[in-house]
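Chemist: build me a model from this:
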Amino acid sequence: MSDIITLKRNNDFRRLYSKGRSYTSSVLVTYVRKNRLGYVRIGITVSKKIGKAVLRSRSRRIIREAYRMLSMEINTGYDLVFVARGKTPYVKTGDILCAMKKELKEAGVLK
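Modeler: Next up is the predicted model:
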């Protein structure tokens, strides 16, 4: 498996927030938009409302791991942004994986 390609520029995140479609669950919000590239780019956002640095880092880790488990099933050519919610640092990776799979299937991104 290749490395995960991430979104880094603020205007890429803002473009997804304004023009992308959003899908929500109790532990995760997913923004999806097609890109003209031949690969998937992801971004992970965790607000300070989630908690201190330990909880924010845990949220990023479990979201990244859930994405890694699903990455082979995702169609190419999409930008994805995952936003952590208040419950995210307190749940297991499996719960995030289920929510992510449901949201990506609803968006039509899964193969």
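Chemist: ok, now which ones touch I50?
Modeler: The neighbours of I50, taking C-beta atoms under 8 Å, 6 or more residues apart in numbering as the test, are 56, 59, 84-86, 88-89. Any C-beta I mention is one placed from the backbone N, CA and C, and that applies to glycine too.
Chemist: distance of it relative to V32?
Modeler: 22 Å (C-beta to C-beta, to the nearest Å).
Chemist: kindly report the same for D79.
Modeler: The value you get for D79 to V32, if C-beta to C-beta is used, is 7 Å.
Chemist: so what sits against both of those two?
Modeler: In contact with both D79 and V32: 16, 20, using C-beta under 8 Å, 6+ apart.
Chemist: shaky segments in this structure?
Modeler: Along the chain, the model assigns pLDDT under 70 to residues 1-2.
Chemist: helix/strand/coil for the residue sitting nearest the centre point of it?
Modeler: Nearest residue to the geometric centre of the chain (C-alpha atoms, centre = their mean): F82, 2.7 Å. Of the three states, F82 takes strand under DSSP: H, G, I helix; E, B strand; the rest coil.
Chemist: on the three-state scheme, S22 is what?
Modeler: When classified by three-state DSSP, S22 comes out as strand.
Chemist: who is it paired with across the strands?
Modeler: Y31 (DSSP bridges).
Chemist: hmm, L16 and it touching each other?
Modeler: No. At 9.0 Å, S22 does not count as touching L16 under the criterion of C-beta atoms under 8 Å.
Chemist: overlap of the contact sets of the two?
Modeler: Joint contacts of S22 and L16 (C-beta under 8 Å, 6+ apart) are 31-32.
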